[in-house]
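> A predicted structure for the sequence below; I have some questions about it.
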Amino acid sequence: MLTLIIFIIFAALVFDFLNGFHDAANSIATVVSTRVLSPGQAVVWAAFFNFMAAFVFGTGVAKTIGTGLVDTRVIDVYVVLGGLCGAIVWNIITWLLALPTSSSHALFGAIGGAAIAKGGVGVVLWAGWVPIVLFIFLSPLIGFILGAINMIAVAWIFRSSTPQRVDLLFRRLQLLSAGVYSLGHGGNDAQKTMGIIVMLLTAAGYEQWAYWGRVHLPWQHHEYGMPIILACNGAIAMGTLFGGWRIVKTMGSGITRLQPVGGFCAELSAATTIIGATLGHIPISTTHAITGAILGVGTTKGVRSVRWIWGQRIVTAWILTLPCSAFIAAITYFIVHLTIEPMMR
């Protein structure tokens, strides 16, 4: 059994890696498309801040994931394995299709699907899903509104400046906004994998491992042990470092053409949305936030400046993510239940 648990923890970190790999486009697309940084420089910059988020944010989002979505009394190691497999498969499918879907919602749907496959719909803690479902709509909307407001405000503030001066200033400021966005991305998304690992350890009777090496930093309280926190933030940073290049073009120029000032406004707006949700212990999709912010920035230049067909494709993928990942995870759970589980008895 211990070998299986170690394998599932490895699978969780693989998902975390793929999360960073899949979402690297969100972190670097604007700063690359505006040519502020080269692709190589951008992924190093984003990965650094993904990892540093381990020392900035607590683990409130991880606790929401680990205990607030499904009845933990029904969860066993096979449910967790099925859920992770469902999320990983959906991430790979959408990466091949170059769609910036939510790795977070793939994970939520997959864990829910695997749990339902074992215990029925009654295992779902519906109250815990309310903020997640609500922020499917709110995170892109908030990002859109903030993106538009920030772009209009910047245009008004710098209305007397020359385009060259504005471009030079925001090329520098975009380094800051990209870093803050990546910090928020690492802070929210890495915690989701922490929650899954804690869920696994609790189900297997090794809950004490979740608290091993716990450190109380002077500026932040961490619910779980630093080895789990560092492993999860390290995995997502490594995924970002390798970069999901297929999605960069979609996010950086497929939706709308961005200048440095637009990239700054989009990243700042998305970062504000993500960090606010993280501080509120709400797991949201960083993909939804940055996509909404880019759309908001693009709309200020006119409705025709946005390629709405990409918005339609992305929204379609968002709608499909929860049910498709849940279905894949349910099938995976049944396979695991019929093959691996009997061998572990």
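Looks like it came in fine.
> What separation do you get for residue 121 and residue 268?
Between residue 121 and residue 268 the computed distance is 41 Å (C-beta to C-beta, to the nearest Å). Any C-beta I mention is one placed from the backbone N, CA and C, and that applies to glycine too.
> Of those two, give the one with the bigger neighbour count.
Per other C-beta atoms under 10 Å, whichever of residue 121 and residue 268 has more neighbours is residue 268, with 22 against 9.
> That one sits in which helix or strand?
helix 260-279 (DSSP states H and E).
> Could I get the average pLDDT for the helix ranked longest in the chain?
Criterion DSSP state H: the longest helix present in the chain is helix 163-204. Taken as a whole, helix 163-204 has a mean pLDDT of 88.
> before we move on, what about stretch 111-127?
91.
> ok, now stretch 239-248?
For stretch 239-248, the per-residue pLDDT averages 67.
> on that earlier part again, buried ones in the helix holding residue 268?
Neighbour-count burial for helix 260-279, counted by 16 or more other C-beta atoms under 10 Å, picks out 260-275, 277-278.
> With just CA atoms, put that helix into CSV.
Extracted in CSV, the C-alpha atoms of helix 260-279 (Å, rounded to 0.1, in the frame of the first residue of the first chain):
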residue,chain,number,x,y,z
PRO,A,260,3.2,46.5,-23.4
VAL,A,261,0.6,48.9,-21.8
GLY,A,262,-2.2,46.4,-22.6
GLY,A,263,-0.1,43.5,-21.4
PHE,A,264,0.5,45.3,-18.1
CYS,A,265,-3.2,46.1,-17.6
ALA,A,266,-4.2,42.5,-18.4
GLU,A,267,-1.7,40.9,-16.0
LEU,A,268,-2.4,43.4,-13.2
SER,A,269,-6.1,42.8,-13.5
ALA,A,270,-5.8,39.0,-13.5
ALA,A,271,-3.3,39.1,-10.6
THR,A,272,-5.7,41.2,-8.6
THR,A,273,-8.5,38.7,-9.2
ILE,A,274,-6.4,35.7,-8.4
ILE,A,275,-4.7,37.0,-5.3
GLY,A,276,-8.0,38.3,-3.9
ALA,A,277,-9.5,34.9,-4.4
THR,A,278,-6.5,33.2,-2.8
LEU,A,279,-6.7,35.4,0.3
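> Compute the distance from the centre of it to the centre of its chain.
Distance of helix 260-279 from its chain centroid, counting by C-alpha atoms, centre = their mean, to the nearest Å, is 14 Å.
> Which other helices and strands does it contact?
On a contact count with 3 or more C-beta pairs under 8 Å, 6 or more residues apart in numbering; DSSP states H and E, helix 260-279 meets helix 2-33, helix 60-67, helix 126-157, helix 163-204, helix 286-299.
> can you list contacts of the second one?
This points to helix 60-67. 72, 107-108, 128, 187-188, 191-192, 194-196, 198-199, 202, 223-224, 278-283 (C-beta atoms under 8 Å, 6 or more residues apart in numbering).
> Measure how it sits relative to helix 163-204, angle-wise.
Counting by axes from the mean of the first three to the mean of the last three C-alpha atoms, to 10 degrees, helix 60-67 points 40 degrees away from the direction of helix 163-204.
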